[in-house]
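Novice: my questions concern the predicted model and sequence given below.
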Amino acid sequence: MQTTIRRHATLVRRASTLVALVGLLATLFAQPASALSVRRTWTAHLGGSGANGTAVLKAYMTGSGSLELHLVGLQPSTTYPVIAYRGSCASPTLITRLPGAVTDATGAASKTSVVSIRIMNSIWTYGRTGTIAIKVGSGALGRCGTLTYPIATRVAIPSLKID
């Protein structure tokens, strides 16, 4: 009987040690959720004179961001500067320059670029409370659009009786 109790106690200790070890390893190798969490997504529709497309600027909880450009109808094989402005396209004030875009032989550009924390901080300075715009190109070749984001007008979580 004592042998059975000892075996059971040894088995319980080993199982407890294994569970603790698995828990420790899980915490060591776990990735933080904020690394992929989007804080805000701005979208601008760029268009005019046959050139159309979108610009999507994402701000992540880590402080960095990304810029997605999808454009068609631009000059083929051309490098376009990308600039973020405070205010509207009609009366812009420079905030910062973003990674440029290069069109292919058909005049299309599709690119996703990393935006550094430093540049995102510049954008957040105005993006929290004011209007920001993005311009691809310059002069007559430039395409500008106001960056907007959805604003929740109603939040409902029925399981928590929140409406």
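Specialist: Here it is on my side, so go on. Every value quoted in this text rests on a predicted model; they were computed, and no experiment measured them. Numbering: from 1, shown residues only.

Novice: quick one: mean pLDDT for the helix or strand hosting R13?
Specialist: Per DSSP states H and E, R13 falls inside helix 2-29. Averaged over helix 2-29, pLDDT sits at 58.

Novice: tell me the helix or strand right after it.
Specialist: Toward the C-terminus, helix 2-29 is succeeded by strand 38-48 as the next helix or strand (DSSP H and E).

Novice: by how many degrees do whichever helix or strand comes after that following strand and strand 38-48 diverge?
Specialist: Once strand 38-48 ends, the next helix or strand along the chain (criterion: DSSP H and E) is strand 51-60. Counting by axes from the mean of the first three to the mean of the last three CA atoms, to 10 degrees, strand 51-60 lies at 170 degrees to strand 38-48.

Novice: ok, and what's touching strand 51-60?
Specialist: With contacts defined as CB atoms under 8 Å, 6 or more residues apart in numbering, strand 51-60 is touched by 34-47, 65-74, 82, 84, 107, 109, 115, 120, 123-124, 127, 134, 136, 143, 145, 147. Where C-beta positions appear, they are placed from N, C-alpha and C, glycine not excepted.

Novice: off-centre distance for that strand?
Specialist: Between the centre of strand 51-60 and the centre of its chain there are 10 Å (CA atoms, centre = their mean, to the nearest Å).

Novice: output it as CSV - backbone C-alpha positions only.
Specialist: In CSV, the C-alpha atoms belonging to strand 51-60 read as follows (Å, rounded to 0.1, in the frame of the first residue of the first chain):
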residue,chain,number,x,y,z
ALA,A,51,-4.9,58.2,-62.2
ASN,A,52,-6.8,56.4,-59.5
GLY,A,53,-6.0,54.4,-56.4
THR,A,54,-5.9,54.2,-52.7
ALA,A,55,-3.4,54.9,-49.9
VAL,A,56,-3.8,53.1,-46.6
LEU,A,57,-1.8,54.3,-43.6
LYS,A,58,-1.8,52.0,-40.6
ALA,A,59,-0.6,52.9,-37.1
TYR,A,60,0.4,50.0,-34.9
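
Novice: Y80 touches V102, doesn't it?
Specialist: Yes: using CB atoms under 8 Å, Y80 makes contact with V102 at a distance of 7.5 Å.
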